[in-house]
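Engineer: sequence first, predicted coordinates after that:
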Amino acid sequence: METKLSISGMTCGHCVASVTEELSAVEGVQDVQVDLVADGVSTAVVTSSKAIAPGLLGEAVAEAGYTVVG
């Protein structure tokens, strides 16, 4: 399954690494691809083996210090 997240507050490669690390730690997540838009709304595509509650993914993004929008 693929879930697309819009994330605000990301500005650099370190941001991408932090978000990728936190999302990858969620149970069932197999892959995370982040498209960075510096000072804009970035996109993360999360591939998982099962449905994951959007709230869990949002919490992981928040743990990295960023916000899911939309």
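Structural biologist: Perfect, I can see it now. None of the values given here were measured: they were computed from a predicted structure. Residues are numbered from 1 along each chain as shown.

Engineer: please report how far Ser6 lies from Val46.
Structural biologist: As judged by Cβ to Cβ, to the nearest Å, Ser6 and Val46 stand 12 Å apart. Glycine gets a C-beta too; all of them are placed from N, C-alpha and C.

Engineer: between those two, which one's more packed in?
Structural biologist: Neighbours were counted for Ser6 and for Val46 using other Cβ atoms under 10 Å; Val46 has more, 25 against 14.

Engineer: show me where the protein has its strands.
Structural biologist: Residue ranges of the strands in the chain, as given by DSSP state E, are 2-8, 29-35, 41-48, 67-69.

Engineer: most tightly surrounded among these?
Structural biologist: Neighbour counts (mean count of other Cβ atoms under 10 Å) averaged over each of the strands of the chain peak at strand 41-48, with a mean of 18.

Engineer: that one: partners in the sheet, and parallel or antiparallel?
Structural biologist: Sheet pairing of strand 41-48 (DSSP bridges) gives strand 2-8 (antiparallel), strand 29-35 (antiparallel).

Engineer: for the spatially closest residue to Lys50 that is not a sequence neighbour, what are its contacts?
Structural biologist: Nearest non-adjacent residue to Lys50, counting by Cβ to Cβ, 6 or more residues apart in numbering: Gly28, 4.8 Å away. Shown in contact with Gly28 (Cβ atoms under 8 Å, 6 or more residues apart in numbering): 48-50, 52.

Engineer: switch to 10 Å and redo it
Structural biologist: Going by Cβ atoms under 10 Å, 6 or more residues apart in numbering, Gly28 touches 1, 46-52, 56.

Engineer: then Val37?
Structural biologist: Val37 neighbours (Cβ under 10 Å, 6+ apart): 6-8, 10-11, 43.

Engineer: per-residue pLDDT, it?
Structural biologist: On the pLDDT scale, Val37 is placed at 96.

Engineer: picking that back up, redo the strands paired with strand 41-48 as JSON lines? Include distance to Glu63.
Structural biologist: Formatted as JSON lines, the strands paired with strand 41-48 follow (distance: least, Cβ to Cβ, whole Å):
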{"stretch": "strand 2-8", "distance to Glu63": "12"}
{"stretch": "strand 29-35", "distance to Glu63": "14"}
